[in-house]
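Student: Sequence unavailable; structure follows:
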């Protein structure tokens, strides 16, 4: 899916190190929980990324918890792109996915 700020696509194994670095930047500030590289590989299918110029600008995950319950996890956008709408586009993509699998 093409967003205004880049292309939103499922995360790939080749993205994990870059995703980890982005999430860790927020974790060291105490703004989000730290995620291990192993945890990211384990949950990679939950993740989508916003990519522009071959670089990840944002990450978001939709984690299914129960029959009709899911949560948005690990929403992060690189500093210079915060406020640009990337986070909104990532969350919207997760909501569309949740609706398509009947979680509401």
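Tutor: Structure received. Just so it is clear, the model here is predicted, and its values are computed rather than measured.

Student: which residues in this protein form strands?
Tutor: 2-3, 6-10, 47-52, 55-66, 69-77 (DSSP state E).

Student: got a markdown table for those, with mean pLDDT too?
Tutor: Converted to a markdown table, the strands of the chain look like this (pLDDT from 0 to 100):
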| stretch | mean pLDDT |
| --- | --- |
| strand 2-3 | 64 |
| strand 6-10 | 94 |
| strand 47-52 | 97 |
| strand 55-66 | 94 |
| strand 69-77 | 93 |
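
Student: With respect to residue 98, which of the ones you listed lies nearest?
Tutor: strand 69-77 (5.2 Å; CB to CB). Every C-beta, even on glycine, is put in place using the N, C-alpha and C of the backbone.

Student: contacts for the closest one?
Tutor: 22-23, 25-26, 32, 35, 46-47, 50, 57-65, 84, 86-87, 90-91, 94, 98, 103 (CB atoms under 8 Å, 6 or more residues apart in numbering).

Student: Over to stretch 20-36?
Tutor: Residues outside stretch 20-36 that contact it (CB under 8 Å, 6+ apart): 37, 40, 56, 58, 59, 74, 76, 78, 79.

Student: can you tell me the distance between the two ends of it?
Tutor: 7 Å (CA to CA, to the nearest Å).

Student: For that stretch, buried residues please.
Tutor: When burial is assessed from 16 or more other CB atoms under 10 Å, stretch 20-36 yields the following buried residues: 20, 22, 23, 24, 26, 32, 35.

Student: mind checking how far it is from the chain centre?
Tutor: Distance, stretch centre to chain centre, for stretch 20-36: 13 Å (CA atoms, centre = their mean, to the nearest Å).

Student: any idea of the mean pLDDT for it?
Tutor: Mean pLDDT, stretch 20-36: 96.
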